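# what's the 3D shape of this:
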Amino acid sequence: MKYYIVDAFADKPFGGNPAGVVLLEVDVFPEEEMMLNIAAELRYSETAFVRRHSAQEFTVRYFTPKAEVELCGHATIASFYLLHGKGLASGQCLCHTKAGDLLIQVGEKVMMQMANPCIVETLAETEAVYRALGVECCRPSMPVQKVYAGLSDLMVPIADVATLQSLQPDMEAVKEVTRRHEAVSIHAFAFGGDGYTAHVRDFAPLYDIPEESATGTANASLTYYLQQNGYLGAEAECAFVQGEAMGRPSVVATRIQADGRIFVGGTATVVAEGILHV
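Numbering: from 1, shown residues only. A predicted model of the protein is given here:
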């Protein structure tokens, strides 16, 4: 099997969010244990296993070093940018995932349709969430909500960008909060008034990911959250800055349409490739 390391949401190496991508040359996926072992060996937050049916139809499965997840936005962007560069995908493609079938618009930029979003839960008590992030006192102007756009994440408003960037989360406490609310991550955000929609940080230690430098699914959820809470109109294009505290700044583009569909996109850079001898 051929594998690649691809930095998603970046236009040069060593930025954005790296993902492993494994291109399968057979019609069946390896055993789940094998895919877990490969993901653990590559050690990235997610590794995508791509099965090609045609130039416009693919099935993708996603593994963290600990478990399979239904969908990963940055690994999808990485996969289809790689496929396009190799002449294996172009135009409008159909991507089968465990979160459902998604449309992928493939060209110089890859834009992927996310699963139908919804607000799953509004948290009545938020003190434990903020304590897990190291914030002792917070009176947010927007609610803390669990939002689904392929995965469920907790949307947590922070007072300002300086506070956001100085967060020092208690990862065990973040694990407990996300476990209790059956969420993948805490997706903290703050408005900067600097031309970007928001600055964000994403913490998912429950899945062995202390922090991610770019997250497609969580930023799709944030787009829907902002619309539902009156910050965005029926149609909007957003740009979220992420990864600054990690030294891997990324810009994640999203688009929400009047019909409710959300697309997440960007470019990517292939930084390594090799052969898996398994």
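
# spatially nearest residue to Y130, not counting backbone neighbours?
Setting aside the residues directly before and after it, Y130 is nearest to C138 in space (C-beta to C-beta, 6 or more residues apart in numbering), at 4.7 Å. Quick note: C-beta positions are derived from backbone N, CA and C, even for glycine.

# again with V21
Counting by C-beta to C-beta, 6+ apart, the residue nearest V21 is Y4, at 4.6 Å.

# so where does that neighbour fall, helix or strand?
Assigned by DSSP states H and E, Y4 belongs to strand 2-8.

# from the chain's centre, how far out does that strand sit?
16 Å (C-alpha atoms, centre = their mean, to the nearest Å).

# show me what it is packed up against.
With contacts taken as 3 or more C-beta pairs under 8 Å, 6 or more residues apart in numbering; DSSP states H and E, strand 2-8 sits against strand 17-23, helix 32-42, helix 73-85, strand 268-275.

# can I get these in TSV with mean neighbour count and mean pLDDT?
Formatted as TSV, those follow (neighbours: other C-beta atoms under 10 Å; pLDDT from 0 to 100):
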stretch	mean neighbour count	mean pLDDT
strand 17-23	26	95
helix 32-42	16	96
helix 73-85	28	94
strand 268-275	15	96
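
# ok, which of the ones you listed comes nearest I158?
strand 17-23 (20.4 Å; C-beta to C-beta).

# the closest one packs against which elements?
Using 3+ C-beta pairs under 8 Å, 6+ apart, strand 17-23 sits against strand 2-8, helix 32-42, strand 47-54, helix 73-85.

# re the thing from before, what mean pLDDT does the strand holding Y4 get?
For strand 2-8, mean pLDDT is 96.

# show residues contacting it.
Contacting residues not belonging to strand 2-8 are listed as 13-23, 25, 38, 42, 44, 74-75, 77-79, 81-82, 214, 216, 250, 266, 268-276 [C-beta atoms under 8 Å, 6 or more residues apart in numbering].

# for S45, see how far away the residue most central in space within the chain is.
With distances taken as C-alpha atoms, centre = their mean, T215 lies nearest the centre of the chain, 2.6 Å away. T215 is 9 Å from S45, where distance means C-beta to C-beta, to the nearest Å.

# overlap in contacts, those two.
What both T215 and S45 touch, as defined by C-beta under 8 Å, 6+ apart, is the set N17.
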